[in-house]
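**Q** model this:
(chains A, B and C)
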Amino acid sequence: MTLEMDQFHSGFFEEAFESLDAMETALLQLDPGAPNAEAINSIFRVAHSIKGGSGMFSFTEVASFTHTLETLLDELRAGRMPVTRPTIDLLLKSTDVLRGMLQATQRKSPVDQQTVADIQFDLEQMLAKRPSAADTAAVVQVAPAPTNTSLSSAKPESLRPKQMTWTIEFRPTARLPEPGADPSRVFCELAELGTMALVAHADKLPAFADLDPEVCYLTWTITLTTELTSEAIQNILDWAEADCQLRAEEPASSRPDPAPIASNPPPPPPPSPPPATNLTPTGDAGGNSAKAATADSNSIRVATEKLDELMNTVGEIVIAQSMLMQLVDGAEPPPVDRIRAGLIHLERNVRELQESVMRVRMLPIRSAFSRFPRLVHDLSARLNKQIELKMTGEQTELDKKVLEKIGDPLVHLVRNSIDHGIELPETRIAAGKSAVGTLFLNAYQLGGSIVIEVGDDGAGLNLERILSKARAKGLVGPNDSLSNEAVANLIFQPGFSTTEVTTELSGRGVGMDVVRRNIEELGGTVELRTEVGKGSSVVITLPLTLAIVDGLSVAVGGEVYIVPLVAIIASLQFKRGVARQLAGVGEVFLFRGDYIPIIRLHDAFNLEPRCHDLDLGSVMVVECDGRKVGLFVDELLGQQQVVVKSMETNYRRIEGVSGATILGDGSVALILDIPGLVRYAAERSAA
Amino acid sequence: MNSNRSTMATNDSAETSHQVLTFCLGSETYAVDILLVQEIRGWAPVTRLPQAPIYMLGMLNLRGSIVPVIDLRVRFGLEQAPFTPLTVIVVLAVHTASGRREFGLVVDSVSDVVDIDAAELKETPSLGGKASVELIKGLAAVADRMLILLNVDELIRRDLEQAQAPAMAGAA
Amino acid sequence: MITDPPVVLLPTRSSVRECAALKQQLLALVAYPEAVRIDVTDVELIDTAALQLLFAFCRERIAKDLSTIWQGDSPAFRAAATAVSLQVGDSAGPSSHSACQHDA
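**A** Numbering: from 1, shown residues only, chains lettered A, B, ... in the order given. Got it, this is the predicted structure:
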């Protein structure tokens, strides 16, 4: 392949991966009961264009597979085949396979023929079973059973899937979970794949008195004969909390079918493994690793506006620098203060350039969220739970490096919510909730931080049990009293989370301390909020390397402060006598029918104001969480966009301040934390 | 009067002898590990912080970074001196567990760089009253002078890092 | 003197949550010199943790040459035991009684 062709290839691959992502999203949203014709059409077009592109570059394997896929999709969009859940699942698997094929082709490594052939066979099976015109209500089941249609008999022998026998050594690693996630479920699922024999080993069982009921001492050897791929097996094993060693054997070897052991005699030796190659599943054809790969890649997509900004700033630097040169090259030695002014101007431009470049590194959090629809879909199906995923704020931007590292902790939290937070439909109904649980992911900017919330409306945590366990472990003194938040956040303690939380959440409770450590390494904080019976949410706060805020600058006591525009409702000039004292609250005034409190910022910040009379300054009405407050300032200066600098980088968080910025004249201005000030007003009046 | 250092180091020095920058506060001579000094600059206006301790002068714009400035005289219990064009800010950059921190210390004037033998570092007797003993690593005698070595880690821990208990309940 | 052998009546639900209690109950009987009966009639849900516990109990008693008798029938119990390949009964044990025998 010549170099020129390579550059065309990269365009094709980029588009293809994006289209596949779109295809997957569309498939997840397809409702078999009411399939969206436009969605099916767009899915068809994706397959069609990938087929065309791959044919053009002579990627024959991709083209041939996509051709079959396209045929099936054509039947669906023409209404000649019904859209059923098995169809959708098969199409989802096909996108995984196709993604794997494209990745292999891109890397110039061999395509996994077996996997492709298997899914291709399934697709053709599905096509073969298309109902006749009279049979519109039939639900098609994909089964690897031989059929009599000419389609299957025309298949070349080499592509017919073979029966393989797999041996799986299964060693549970975690403490025994709830009945819903019992090892027996894994065995049942494996049994559905073909013929399975199971042998249990009890050699690790300790004396009865020493036995910890929550630890699984049993291990199993599973022998599975199936036509399906190692990927199908691995998919099931991935969800099990166990060490699994998977080995393949040819079916030709005659093996005695090991009968399940009785509890009495010593366990029979496991079937002696023939010299088969140890199959460790390679980079799976599944899509999730691919999605992670794109986020970790060394390149980045940049919105053109950001680049325009960069160009503008560079232009200004060029001008400032050439003006300085003119000064210096002029006839008489120029006055020092003019050179100084020129240098200050230049410094400002360089700073702007620095910030513009940092802005280029910011990406929307969408790419970290993108894996969740599929994850939630698969995991909730596996656990027989009904879960609706709601994501908001996907356009919130954060630094690329932070984005790459936030993925794993988020996956942990989502899995926890699904495994332990949201209850089974029966339990939910019995508790008076809807059968469908909600998992929400929310991202937004707050001052100099980005906040990400992961939560559910599930069972919540029992705070009393956590507290008593913590007391038992000595983490909390017997007479200490903790707020509810403090108790909830005990589960982040390292020793606590591996044992006590396992009991509390009746399962893994995996990695809460790991999650917290990951977040803290990013400079952030994590907090748990929970209410028994109502649900839980984890709130992650990360410092933004760069945030821009539209603000109104105000003067108070000789200092300049920035008020975020988004919080401002109105700014007013008072007339004499408008404000009045309200017992227990302080100064208030009537605003649109309500009395709202006044905060004299000079008091709050210990400054000497220009004047004390309310009618000689300005009052800005700000709002947060539905509560309004009037802020009294000396004067309003003007509106401007400012870059938020974190206080915590070099100092600490300060009450009432959400960050700082550098003004045009080089001085530092503090940005007001409106939620904090509103809360301060509420507490002050409550005091 | 700005000089920059480009190398940064952690506060621990394994060598037996290391170099310190000496500076004056009142009649005393203090010293700080030279590897921590990022630059020395003249006085520049700072922005005051609400509810800050009296020795915390405010935030300074250091080429785009927001950097806190501590008045070391006041911190050590001396009277505040007026700020003149000769007043100096020593900017330190330190790698801590929570990241790299820059901060400034306002001092009367800066002296020279001397070598201190770590073995010669003497313990600080309790000075009873004025100076904050916790912020002092030890005393060293060099030539005829007694140098008071600043404990930068402790200063960061007490004055710059987040206080362990948040000031208000539910601090966001 | 107890004339009837003690009966452990398994509840409708035995899972990892109830295991601590079940273990205590069985621990009191693990060295009981006469036959111990385990009644599975009411069992509707039983998970691997509970099965492991019961299996370990049986095995310990076998080692002490004591017998355990299973009685009652529960399809759920049988299914759960088969699902993890643990079966009770039908095997000769080292003592004169079948160490773990199933009385239907």
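**Q** Go ahead and flag the most central residue of chain A.
**A** Centroid-nearest residue in chain A: A:F369, 3.7 Å away (criterion: CA atoms, centre = their mean).
**Q** My guess is that residue contacts A:N442. True?
**A** No. In this structure, A:F369 is not within contact of A:N442 by CB atoms under 8 Å, at 10.0 Å. From N, CA and C alone the C-beta is placed, and that goes for glycine too.
**Q** tell me which element the one residue in chain C that gets nearest to chain B falls in.
**A** Nearest residue of chain C to chain B (CB to the nearest CB) works out as C:R17 at 34.5 Å. Assignment of secondary structure by DSSP states H and E places C:R17 within helix C:16-27.
**Q** Report the next helix or strand after that helix in sequence order.
**A** With DSSP H and E, the next secondary element past helix C:16-27 is strand C:36-39.
**Q** which outside residues touch that next one?
**A** Identification of contacts with strand C:36-39 by CB atoms under 8 Å, 6 or more residues apart in numbering or on different chains yields C:5-10, C:29, C:54, C:61, C:66-72.
**Q** who wins for most neighbours among these?
**A** C:T68 (30 neighbours; other CB atoms under 10 Å in any protein chain shown).
**Q** What pLDDT is listed against B:M56?
**A** pLDDT for B:M56: 92.
**Q** Am I right that it is in contact with B:L72?
**A** No. Taking CB under 8 Å as the definition, B:M56 is not a contact partner of B:L72, at 11.3 Å.
**Q** Quick one: the helices in chain C, in order.
**A** Per DSSP state H, chain C carries helices over the ranges C:16-27, C:48-63, C:75-83.
**Q** How far off centre is the shortest one?
**A** When you say that, I think you mean helix C:75-83. Chain-centre distance of helix C:75-83: 13 Å, with CA atoms, centre = their mean, to the nearest Å.
**Q** Of the contacts of strand C:36-39, which one scores lowest on pLDDT?
**A** On pLDDT alone, C:P5 ranks lowest of these, at 67.
**Q** before we move on, back to that, is any residue of the helix holding C:R17 near chain A?
**A** Yes. Residues of helix C:16-27 are located near chain A by CB under 8 Å from any CB of the partner chain, namely C:16-17, C:19-20, C:22-23, C:26-27.
**Q** number of nearby residues for the residue in chain C that chain A sits nearest to?
**A** Nearest residue of chain C to chain A, counting by CB to the nearest CB: C:C19, 3.3 Å away. C:C19 has 21 neighbours, counted by other CB under 10 Å.
**Q** Contacts only, for it.
**A** Neighbour list for C:C19: A:176, A:213-214, C:49-50, C:53 [criterion: CB under 8 Å, 6+ apart].
**Q** If we use 6 Å, what do you get?
**A** A:213, C:49-50, C:53 (CB atoms under 6 Å, 6 or more residues apart in numbering or on different chains).
**Q** again with A:V476
**A** A:A470.
**Q** Tell me the secondary structure of it, please.
**A** The three-state label given to A:V476 by DSSP: H, G, I helix; E, B strand; the rest coil is coil.
**Q** Please work out the average pLDDT along stretch A:411-428.
**A** The average pLDDT within stretch A:411-428 is 87.
**Q** which residues does B:V133 contact?
**A** Contacts for B:V133 (CB under 6 Å, 6+ apart) come out as B:T124.
**Q** re earlier: tell me the spacing between the residue of chain C closest to chain A and C:L86.
**A** In this view, C:C19 and C:L86 are 15 Å apart by CB to CB, to the nearest Å.
**Q** Kindly report the same for A:P110.
**A** Going from A:P110 to C:L86 by CB to CB gives 43 Å.
**Q** contacting residues around stretch A:619-629?
**A** Where contact means CB under 6 Å, 6+ apart, the residues beyond stretch A:619-629 that reach it are A:567-572, A:574, A:591, A:596-597, A:599, A:630-632, A:674-675, A:678, A:681.
**Q** Could you tell me the end-to-end distance of that stretch?
**A** Terminal residues of stretch A:619-629 are spaced 10 Å apart (CA to CA, to the nearest Å).
**Q** For the stretch 301-450 of chain A, which residues are neighbours of chain B?
**A** Within reach of chain B by CB under 6 Å from any CB of the partner chain, the stretch 301-450 of chain A has these residues: A:R351.
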